[in-house]
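In: Have a look; sequence and predicted model below, questions after that.
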Amino acid sequence: MEYENLTLHTDKYQINMMYAHWKNNSHNREAIFDAYIRNNPFHNGYTVFAGLERVVHYINNLTFTEEDIDFLRQQEENYEEGFLDELRQLSFTGTIYAMHEGEIVFPDEPLIRVQARIFEAQLIETAILNMMNYQSLIATKASRIKQVVDDDTLIEFGTRRAQEADASIWGARAAYIAGFHATSNMRAGKLFGIPTQGTNAHSWIQDHDTEEEAFMNFARALPDQTVLLVDTYDTLQSGIPNAIKIGKQLEEYGKKLKAVRLDSGDLARLSIEGRRMLDEAGMEDVQIMASNDLDEEVIMHLKLQGAKITAWGIGTKLITGARSPSLGGVYKLVAREKDNALVPVIKLSDDLAKISTPGSKKVYRIINRKTQKSEGDYVALDHEVVNDKPLKMFDPIFPQKFKYVDDYDAVDLLQPIFVDGKQVYQLPSLEDIHSYHEQQLAFIWEETLRLLNPQTYYVDLSYELWKMKQDIIEKNSLE
Ligand SMILES: Nc1ncnc2c1ncn2[C@@H]1O[C@H](COP(=O)(O)OP(=O)(O)OP(=O)(O)O)[C@@H](O)[C@H]1O
Ligand SMILES: O=P(O)(O)OC[C@H]1O[C@H](OP(=O)(O)OP(=O)(O)O)[C@H](O)[C@@H]1O
Ligand SMILES: O=C(O)c1cccnc1
């Protein structure tokens, strides 16, 4: 796939800061930034990390074209030619660590860590957050939907309602990571290898003299994958009876009606009654598919009402992240170069939970060897060795709350993606990302995974990191 050059896909304030650094000759100083979230979306207990693949392509294509340089010259008369020359030579030379895509992640732990010249690290903030926030949001929404459907088929239908073209395709990919089976978007299918599926619209039915004729003509054209939309006129009086008729005719040719699709009305009642009619006609294999503004909540209610739906087409509420339409991931400076050394820095806030955690850090998932479930995540400074000794895990806001864990594996979650500007991470296939996601889910307790009022997952700091943070807070308060 051809990836476009998105170097100008940044906020002007980043270029202004780059310029000011260049003027002050501080642009080559090293810096470390963490990208992380502060809350899970949808009041969920976890977030599904996605967006890394696009970030990798973005970084590999990071270069200002002559056109970009001309544009910048026009936009800001203060930018000197020497600065534009510096931009002309820019490529990414830093180091990036990140979670695998599909990882189950939590607030207040680094998901992407960038160590680079401040000149480069500042430039890439906007695009990294843009990609990570949107794709993780949609993967998380998809994961919630996946939780309520058991083994039913899930098809992503969102393109027409998505926030524009990029959102459709990367959203379709994010949904696949979390367990959707197919997308209706052909471009997403082509670009990412996601299986594609499609039924037909009301326009097809309306464009015929009768519903029966419409069904017949469609079945003739696509006899191996006929899904008939049965709600245009009257689902139970005409739609299902006509579908049964066409199904019988298909059988005469050794073919089978694959499914009927309901797209309006009381989906529980119509599917129960429709199922009965299909079964009575000996068409037990014909599936009932539903669409119409569905999300995890409606699906759960439909299931509670005994709906006989086994395939779900889901558009608007998935692709727009309805109910929580943006993920508020941030990118904070955690260390800066001073006197040839990297020193930790902090962003203070009156809200304790919003104070950033300084320093170059790693994230470990503490897997209890007996239960094979996670005891929580443990954020430690880079140089710390987290090994088999009993680990004291305590709440960083209320340190009085703690537990000891002794029989555990500490799994290092941040992977090197770029080292000194070179990509060292081999991007996994989408299938592998999805499998990884499923494996990782299995380490998380049900209490954290549940959709309603989930148990808060522990993201703790090592004592050394916690102490350093407290000392910096205290020092800053005294100044
Ligand atoms: N049994 C049900 N329980 C809960 N929600 C349902 C049920 N059946 C359908 N819904 C959901 O209710 C919402 C609105 O459905 P409603 O029947 O008002 O609209 P509609 O069928 O699209 O109307 P129209 O016939 O005008 O197209 C949709 O999100 C749909 O998925
Ligand atoms: O409801 P969503 O979750 O967003 O899923 C996508 C919707 O898009 C289509 O409707 P639309 O009215 O656009 O076209 P149609 O004429 O094919 O029904 C489809 O029938 C779904 O209802
Ligand atoms: O294939 C379908 O039925 C479909 C595709 C996109 C949107 N709505 C429905």
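Out: Now that the structure is in, tell me what you want to look at. Residues are numbered from 1 along each chain as shown. Ligands and ions are numbered 1, 2, ... in the order given.
In: can you give me the strands in the stretch 51-200 of the chain?
Out: Listed in chain order, the strands of the stretch 51-200 of the chain (DSSP state E, counting those that start in this stretch) span 95-98, 104-105, 112-117, 153-156, 182-183.
In: Just give me how far the first one sits from the chain centre.
Out: Relative to the chain's own centre, strand 95-98 is displaced by 18 Å; criterion: Cα atoms, centre = their mean, to the nearest Å.
In: Could you export that strand as CSV, CA atoms only?
Out: What follows is strand 95-98 as a C-alpha-only set of coordinates in CSV (Å, rounded to 0.1, in the frame of the first residue of the first chain):
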residue,chain,number,x,y,z
THR,A,95,13.7,6.0,19.1
ILE,A,96,10.1,4.9,19.6
TYR,A,97,8.7,2.3,21.9
ALA,A,98,5.0,1.3,21.7
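In: ok, back up a step: for ligand 1, find the nearest of the strands of the stretch 51-200 of the chain.
Out: strand 153-156 (14.9 Å; Cβ to the nearest ligand atom). C-beta: built from backbone N, CA, C; applies to glycine.
In: could you say what helices and strands that closest one packs with?
Out: helix 125-149, helix 165-177, strand 182-183, strand 311-314 (3 or more Cβ pairs under 8 Å, 6 or more residues apart in numbering; DSSP states H and E).
In: at 6 Å instead, please
Out: Taking 3 or more Cβ pairs under 6 Å, 6 or more residues apart in numbering; DSSP states H and E as the contact definition, the neighbouring helices and strands of strand 153-156 are strand 311-314.
In: ok, the residue lying farthest from the centre of the chain to Pro223 distance?
Out: In the chain, the residue that sits farthest from the middle, by Cα atoms, centre = their mean, is Glu252; the gap is 45.6 Å. With the distance defined as Cβ to Cβ, to the nearest Å, Glu252 ends up 11 Å from Pro223.
In: Next up, the contacts around Ala116.
Out: With contacts defined as Cβ atoms under 6 Å, 6 or more residues apart in numbering, Ala116 is in contact with Gly94.
In: what's the answer for Asn61, then?
Out: For Asn61, the contact set (Cβ under 6 Å, 6+ apart) comprises Tyr3, Asn5.
In: ok, now the one 5 residues further on?
Out: Contacts for Glu66 (Cβ under 6 Å, 6+ apart) come out as none.
In: Start the count at 10 instead of 1 going forward.
Out: Let's use 10 as the start, then, which means that last one is Glu75.
In: Could you measure from it over to Leu132?
Out: Noted for Glu75: a distance of 18 Å to Leu132, by Cβ to Cβ.
In: Give me every residue in this structure lying close to ligand 2.
Out: For the chain, the contact set with ligand 2 under Cβ under 6 Å from any ligand atom comprises 166, 169-170, 210-212, 272, 300-303, 322-326.
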